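Asker: Quick check, what structure comes out for this input:
(chains A and B)
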Amino acid sequence: MVIPMREPAEPTEITILLRQWQAGDDRAFDAVMGWAYQRMLAIASGFVAREKLATEPAALVHEAYLRLRKLDRMEWRDRQHFFSVVASELRRILIDQARLRIARKREGGYRRVPLSDDLRWIDVQGQEMLDLDRALTELARVDEDKVRLVELRYVMGCTVPEICELCGISDATVERHLRFARTWLYDRLHPPAV
Amino acid sequence: MNEHWEKLQQLFGEACGLDEAARRAFLNERCGEDDPLRGELERLLAAHDHERAAGAQADASAAGGRFGAWQTTRLLARGGMGEVWLAHRADGQHEQVAALKILSPYLVAPDSVDRFRRERQVLARLEHPNIARLLDGGVGPGGQPFLIMEYVEGTRLDRYCDERRLSIPARLRLFLKVCAAVNAAHQHFVVHRDLKPSNILVTNEGEPKLLDFGIAKVMDTESGRERTVTVNQFLTPTYASPEVLRGEPATAASDVYSLGVLLFELLTGNRPFGTSGASPAAEWERALRDTGPARLWHLTEALAEQRSTTASRLRQTLAGDLTTILNKALRHEPGQRYQSAERLAEDLSLYLANRPILARPQTFRYRAGKFVARHRWPVGLAALMLLGIALGIASTIAEKRVAERRFGEVRRLAHYVLFDLYDSVSNLSGSARVRAEMARRATEYLNTLSREAKNDRGLRLELAGGYLRLGDIQGNMFRTNLGDTRAALATYQKGIDLLSSLENDRDAVRLRTLIDLHRAQATDMSSATRSDFDRLRSAVEHFEKLAGNPPRAEDDYQLGKAYTLLGGLEQQHGGWVSISAVGGSEFDRAETHLRRAAGSPLSEPDYAYSLAELLDRRAQSYASLDPGRSIGYDQQALESLTHIREPERNYPSFRILQARIHTNLTFSYGQENQFDTALEHARVAEQIYLPLLAESPDDRNIRYRLVVLRRVAGIVEAYARRWGESAEEFAKGITDYDSLLETGPNAQYRGYQAELRMRLGDALWEAGRKTEAEAAAAAGLAEFRQLANSPGATFGVLRQTAHYLLFSEVTSLRNPREALALAERSSGVPSDPFQLDELLAAAYAENHRYREAAEYERKVLSELPPVKPGEPPSRARQSNEASLTEYERKARSARP
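Answerer: Predicted coordinates:
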């Protein structure tokens, strides 16, 4: 028996919203904003939930809110611009969380949480996350576009079709860039012994 | 980015799919030993292999986990909501297999764990043979909530039906079990929220089992605003109800809607809102406005075969009650759907038992119409008040940013008023003024919004649609209108300007074409030129290309209407193509489109109405040339109207069309010399118009139609040589024109009235009432002269004036010399060459200039369609040939 929980053939809500937005529908923009906020909050509060601490996380959620509020006042050139900014904000939230996590050196009941299905070797709550952040900054100096794709796919959690829609490139191109980026990042994080 | 980086990526892309040996060969071939690229490439390829292995390893480490008493065995699926594992009991109590669902930590909000426990208790009580049971649940070692569900081995509902080629009744019986399960859950106050084929499995025993009941709710958090976005992100938009897509709470009615989509797919193999290839934007669109249930499905033989039947039989089965049931389940507003899954099941059972179902075939307009009919004024006033509020909000937009949030909402309201409510009101009699006010206010208000969003395509389309409606109500004489043609033309122009920059946009082209056509219709037709017509026709053809082949039923309908209008323009002008087939090719195309639209299984009453309207126009084009054929078309038109049922049958638009058909039948039977039958039809038409006019004395369209009837009846009475009765009809028509002219002078009406005065004069003269005749004809001629001498006099006016100066029965009024001057003048205005030549021939003949007369008569004959072999020449040809012979004879005998 197979229980597919999300049928990939279906247009996802975000794809629909993107097209609406592109067609000039402001209602869709509001909804996209809402979606992005939600994504950020889910990520922010999701990790907090596993902390099982009632006091600290509020600060984290609050911090995330402040970052989001900043987005509210920005002038968006286009949806790609919007998504790039949201994705890199998300990356910063993840890094903050990882730092907090590591500082606590929490023990027991610990379960790895992979950054994404395709990046299962990166635990969002571990040192790898900080290493990844540095590697991405390094990669951005050579190839900014790849970093953006990585952020959209692995941080923002967009699907490949959504990215195609967003950036106007084919899915084969997206996959090719992502494969190269994954390899390159893995190499930076796990350099071969000399 | 430099060349090195590009090359590295390219080589990596080519090599990473190769095995060890092939890679070495590849590297040797593409980069030499000392190439600096080579080292980097080798390192990356190694990293690539390690990266993949690391991913797999991380996967494996997650497997075999223990969740409470359960041990995972094998990953079944991974998706947006988390993972599903096959699991078995690890506490050794008894052998039991189950499906273990681990919810993605990304989805779990802080307050949800407690809530999750509460919901789980509710779900555990849910026991039904057709619902996969929730066995257990808890929070895993990493803090992630999990659920243990009954493990079901089976096939997805849709695939099960198709693979076994289940017939429609068999599918319905299976679906009834699904309804029963959903209903049982609803009685426990559990809503599924995500019903779709992949959540319904059918076991080998043929029992459907519903999975994931209430899971969406478990995922929910209580913190209002954030709630729905998270959850809806994982819903499948195709099956979700509009209210859920909009982010409102799901109810039992939302499940009924999803059941409706499911049933639609099971029965038709299509998606209710377009085929599966339809734009995803359409799905979202449907959440925002009531697009109404689908009207068309593509029933291929392949689909029919999966249902053990043929396409045509399937179409028959689905039309009627099943369509009605689907429509009711798929209502946009939750309150208008079946109130429960049980009610839906009830109707399906009645259908299976061949008993009458409870749902009535209802269109949105039907219901809205009924509602508005009960509360006519309150609804009109409420709509205006809402618009007032909306305008208030709009005026503050410039100052307050917060108002922008209301923008969308407010716009939806305008849309509702302008389109849905307007349409429902338009079917009521006596509503012209309310409608004009509604259209004006809504458009004014959209105008305000449009200043705020200049580049908003959707808003432009809506606004242009608003202008179209406003223009129609202001002064399109072929629709209910307030008689202000000039305002109407300006309004149409605004709509066209608004769309001018959207050249390749299908919807914009369609709308532009429609406005263009309506504008042409509202203008004085006799001033339209051949090039105007050609421009319009190419616009329609462009739209036809964009609509694809075959077009959707809705586009078929619009195209049919567009071609009907084009044909009508041609007809009204007197024909540019050939006299016997005026508007014929346009009408042929219109008929193809409209018959297809009206024949589609979920056809709307509008489609049958438009088909009847077209057939009546076709009838009109043959009324004088081939009355027998004309009668045939009108009978088909009446037949098409029989497909329209209550309450649409009582709508004024329907009754007016019926009366128009009877008016035309009056004329055609009169031509056939069957005077009694003809006048019987005239009486039927009159009995329709008089009560309508009593209800809405302001309606210029009805009044105008009544005058047309008077004129036709007067002409038929004249054929029957009952001059007194004929004069009476014409006199009534003249009075009616007086009241039309009171509400605003209109050159066209003045011309028509003058013509009736001339006809009255002729009839009275024949009746021997010569003094009255002279008075009537003199008044008519004075009016014609005034019109003919005013600047911008049209060919139609000039021609008619000249005609009566030549041929009025009141011979004292004839003035051939003046007539000839007018005829010569009319060659300077846009005209139909055929009619012009005919007029010139007559005018020269009456002035005894037979050589010129014969010359023009020959031109007339050359423009007539050639005589078909084996058929007698047409009446027109016979009479023109006789004239020519006479002119030629007289030209010879008259010595210079």
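Asker: so where do the helices sit in chain A?
Answerer: A:13-22, A:26-51, A:57-72, A:79-104, A:127-142, A:144-150, A:160-167, A:171-189 (DSSP state H).
Asker: Let me know the angle separating the fourth one from helix A:127-142.
Answerer: In this structure, helix A:79-104 runs at an angle of 140 degrees to helix A:127-142, with axes from the mean of the first three to the mean of the last three Cα atoms, to 10 degrees as the basis.
Asker: same check, this time on the last one
Answerer: Here helix A:171-189 points in a direction 120 degrees away from that of helix A:127-142 (the same axes, to 10 degrees).
Asker: other SSEs contacting the lengthiest strand in chain A?
Answerer: Identified as the longest strand of chain A according to DSSP state E is strand A:119-123. Counting contacts by 3 or more Cβ pairs under 8 Å, 6 or more residues apart in numbering or on different chains; DSSP states H and E, strand A:119-123 packs against strand A:114-116, helix A:127-142, helix B:36-62. Placement of C-beta: from N, CA and C, glycine included.
Asker: Sheet partners, orientation included, of that strand?
Answerer: Taking DSSP bridges as the criterion, strand A:119-123 forms sheet pairs with strand A:114-116 (antiparallel).
Asker: so A:C158 makes contact with A:L166?
Answerer: Yes - with contact defined as Cβ atoms under 8 Å, A:C158 counts as touching A:L166 (7.1 Å).
Asker: Now do the shared contacts for those two.
Answerer: When contacts are counted by Cβ atoms under 8 Å, 6 or more residues apart in numbering or on different chains, A:C158 and A:L166 are jointly contacted by A:83, A:152.
Asker: In stretch B:721-729, which residues are buried?
Answerer: Buried positions in stretch B:721-729, judged by neighbour count with 16 or more other Cβ atoms under 10 Å in any protein chain shown: B:722-723, B:725-729.
Asker: export that stretch as PDB, just CAs?
Answerer: What follows is stretch B:721-729, C-alpha atoms only, in PDB (Å, rounded to 0.1, in the frame of the first residue of the first chain):
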ATOM      1  CA  ARG B 721     -56.800  44.800 -48.000                       C
ATOM      2  CA  ARG B 722     -58.500  45.500 -44.700                       C
ATOM      3  CA  TRP B 723     -57.500  49.200 -44.800                       C
ATOM      4  CA  GLY B 724     -59.400  50.400 -41.800                       C
ATOM      5  CA  GLU B 725     -57.700  47.800 -39.500                       C
ATOM      6  CA  SER B 726     -54.400  48.500 -41.100                       C
ATOM      7  CA  ALA B 727     -54.700  52.200 -40.400                       C
ATOM      8  CA  GLU B 728     -55.700  51.500 -36.800                       C
ATOM      9  CA  GLU B 729     -52.500  49.500 -36.200                       C
END
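Asker: and B:A720, how far is that from chain A?
Answerer: Using Cβ to the nearest Cβ, to the nearest Å, we find B:A720 at a distance of 62 Å from chain A.
Asker: My read is that that residue contacts B:Q674, right?
Answerer: No - here B:A720 does not reach B:Q674: they are 10.1 Å apart, not a contact under Cβ under 8 Å.
Asker: Okay, strands next: where are they in the stretch 201-350 of chain B?
Answerer: Counting by DSSP state E, counting those that start in this stretch, the stretch 201-350 of chain B has strands at residues B:208-210.
Asker: all helices of it, in order?
Answerer: Taking DSSP state H, counting those that start in this stretch to define them, one finds helices in the stretch 201-350 of chain B at B:215-218, B:224-232, B:242-245, B:252-268, B:280-288, B:301-306, B:311-318, B:321-329, B:341-352.
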